[in-house]
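Trainee: next input, structure requested:
(one chain, ligands or ions: 1)
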Amino acid sequence: MVKKLRNKILAANWKMNLNRLEAFSLLQKISNMTIRENDKEIVFVPSVFLPMCEEVLTNSCVFYGAQNVYFEEKGAFTGELSITHISDFGARYALVGHSERRNIFGENSELLNKKLKGLLSHNITPVLCIGEPLKERENKTYEAFLYKQLKEAMVGICAEDAKKIIYAYEPIWAIGTGKTARPGDIKTTLEFIRNTLNYMYEGIKEEVYILYGGSVKKDNIDEIINTNHCDGVLVGGAALDFDSWNRIVNYEVK
Ligand code: PEP
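Mentor: The predicted structure is shown next:
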């Protein structure tokens, strides 16, 4: 059994939502939120809103990050943003390997591995998302699937760097579907990921943060976040409305 970690991480993934006015209004409300001491709140915005985050969140306790970056420093990569671009606007975090990037944009493990290495070398914390499709869950092959995703993404990453990464378990069948994984399944899968990381990097177990994501809402946050091995949540749809996000960030400790 892993001892209770210090704090929780509450991360919002806005995806490709909100217009400029809506984003500004939500960021302003977020900047005035109260949050439990030692917890960490991170908002992943569409990158066009990073300057707005810098303006509104810089003196708040809320961190922000990008949903995607390219690993190269600069050059002929039309449409991409470099890690320096996002860090110049104060982003300290970036999502890597979200299932929408893997499935819609065809991002493979080799690319994700390069993104992880690039971010780590720029002191930007990656949030590495892994998660199985429904078929793997139904066939009970999800552990092998998750192990492969982790192993391939982490090639050549040392233990010190592995500790800096935040891991997010997001079963694909639970993202944006309203179907949440059962607390028992969340616990055993997060524990499996923790043990796998410990197998890959001996002794890392108690130092890594592992989040759950997939249809987290204000109605299920208390149950999910109090599940053993859950160090926080990554929230999509329910983070777009201030009242809902505020309730999630101010979850009840059980
Ligand atoms: C996500 O986009 O990472 C996510 C978990 O979305 P939702 O909360 O809407 O399922």
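
Trainee: give me the three-state assignment for Leu234.
Mentor: Secondary structure state of Leu234, per DSSP: H, G, I helix; E, B strand; the rest coil, is strand.

Trainee: give me the beta-bridge partners of it?
Mentor: Leu234 has the following beta-bridge partners by DSSP bridges: Ala11, Gly213.

Trainee: who touches it in this structure?
Mentor: Ala11, Ala12, Asn13, Val127, Cys129, Ala168, Glu170, Leu211, Tyr212, Gly213, Val216 (Cβ atoms under 8 Å, 6 or more residues apart in numbering). Every C-beta, even on glycine, is put in place using the N, C-alpha and C of the backbone.

Trainee: what's the helix or strand containing the fifth one in contact with?
Mentor: With the criterion set as DSSP states H and E, the secondary-structure element containing Cys129 is strand 125-130. With Cβ under 8 Å, 6+ apart as the test, strand 125-130 has contacts from 11, 42, 44, 65, 92-99, 112, 115-116, 119-120, 146, 149-150, 153, 164-170, 193, 211, 213, 234.

Trainee: among those, name the buried ones.
Mentor: Among those, those classed as buried by 16 or more other Cβ atoms under 10 Å are 11, 42, 44, 65, 93-99, 112, 115-116, 119-120, 146, 149-150, 153, 164-170, 193, 211, 213, 234.

Trainee: next one: the strand holding Cys129 to chain centre, how far?
Mentor: Distance, stretch centre to chain centre, for strand 125-130: 5 Å (Cα atoms, centre = their mean, to the nearest Å).

Trainee: got the buried residues for whichever helix or strand comes after that strand?
Mentor: The element immediately downstream of strand 125-130 (helix or strand, assigned by DSSP H and E) is helix 134-138. Judged by neighbour count (16+ other Cβ under 10 Å), helix 134-138 contains these buried residues: Glu136, Arg137.

Trainee: which ones among the contacts of strand 125-130 map onto strands?
Mentor: Residues from these lying in strands, with DSSP state E as the criterion: 11, 42, 44, 65, 93-96, 166-169, 211, 213, 234.

Trainee: restrict those to contacts with the ligand.
Mentor: Taking Cβ under 6 Å from any ligand atom as the test, the ligand is in contact with Gly213, Leu234 out of those.

Trainee: please identify which of the ones in strands among the contacts of strand 125-130 is nearest to Lys254.
Mentor: Comparing the ones in strands among the contacts of strand 125-130 against Lys254 with Cβ to Cβ places Leu211 closest, at 18.0 Å.

Trainee: do I have it right that that closest one meets Val235?
Mentor: No: with contacts counted by Cβ atoms under 8 Å, Leu211 stays clear of Val235, the gap being 9.4 Å.

Trainee: what's around the residue of the stretch 151-254 of the chain found nearest the ligand, how many residues?
Mentor: The minimum distance from the stretch 151-254 of the chain to the ligand, using Cβ to the nearest ligand atom, falls at Gly236 (2.3 Å). The tally of other residues near Gly236 (other Cβ atoms under 10 Å) stands at 21.

Trainee: nearest spatial neighbour of Glu191, chain-adjacent residues omitted?
Mentor: Here the nearest residue to Glu191 in space, its sequence neighbours aside, is His229; by Cβ to Cβ, 6 or more residues apart in numbering that works out to 4.9 Å.

Trainee: burial count for that neighbour?
Mentor: 20.
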